[in-house]
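*Asks:* return atomic coordinates for the entry below.
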Amino acid sequence: MEKHITLPLTEELAKSLHAGDTVYLTGTIYTSRDAGHKRMCEALARGEELPFDPMNATIYYVGPTPAKPGQVIGSAGPTTSGRMDAYAPTMMSVGARGMIGKGARLPEVIEAMKKYTGVYFGAIGGAGALLAKCIKKAELIAYEDLGAEALRKLYVEELPVFVIVDSEGNNLYETGRATYLENKK
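*Replies:* Predicted structure coming up:
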């Protein structure tokens, strides 16, 4: 099913999404990769606040290239999500609900998604230049020393993603494969 949603990703909105849905996101998302996630989880362990309010936040696993003149941001394709698996349950425990990346997730992450009503969206790897066209504003908010991995606040319009794992733990990578094999018979 195709859905157009406006962020933030509330619990109610997350529950309305199902593995396999095509979704167009509009609103604020945040960027972070493994180095940024590590710093945020260390800050939480010290009792410190995060550089953004994680409640109902969607985090895009991306390290964009520098913007060329006249651009908001450079190429912005997804990073392999497994690199954030060690940190994702902690981020969800403080309210982050959406994750955008590519590739499979560990069972622990899927269990955390079920516990905290999270959604894992897949973006198309190799389409970073096209995805960047959906980014209308970009603001550096923390960890500038990390370069491309610094935390950014983005405003996106109609960013195309797919629900890979929904809040009930349904996984498109598993159901899609099963459907393919069944149809092949």
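*Asks:* tell me where the longest strand sits in this protein.
*Replies:* strand 151-165 (DSSP state E).
*Asks:* now the helix or strand that comes right after that strand against strand 151-165, angle please.
*Replies:* As assigned by DSSP states H and E, the chain's next helix or strand after strand 151-165 is helix 172-184. If you take axes from the mean of the first three to the mean of the last three CA atoms, to 10 degrees, helix 172-184 sits at 30 degrees to strand 151-165.
*Asks:* could you say what helices and strands helix 172-184 packs with?
*Replies:* Helix 172-184 is packed against strand 151-165, with contacts defined by 3 or more CB pairs under 8 Å, 6 or more residues apart in numbering; DSSP states H and E. Using the backbone N, CA and C atoms, a C-beta is placed for each residue, glycine as well.
*Asks:* quick check: which ranges of this structure have low pLDDT?
*Replies:* By pLDDT under 70, the weakly predicted segments of the chain are 178, 180-181.
*Asks:* list the buried ones in the longest strand of the chain?
*Replies:* Buried residues in strand 151-165, defined by neighbour count with 16 or more other CB atoms under 10 Å: 151-156, 159-165.
*Asks:* and the nearest residue to Tyr120 once chain neighbours are set aside, bridged to which residues?
*Replies:* Leaving out its chain neighbours, the residue that sits closest to Tyr120 by CB to CB, 6 or more residues apart in numbering is Val165, at 4.1 Å. Taking DSSP bridges, one obtains Tyr120, Asn171 as the residues bridged to Val165.
*Asks:* next, the nearest residue to Leu7 once chain neighbours are set aside: secondary structure please.
*Replies:* The spatially closest residue to Leu7, leaving aside those adjacent along the chain, is Gly27, at 3.0 Å (CB to CB, 6+ apart). Taking DSSP: H, G, I helix; E, B strand; the rest coil as the rule, one finds Gly27 in the strand state.
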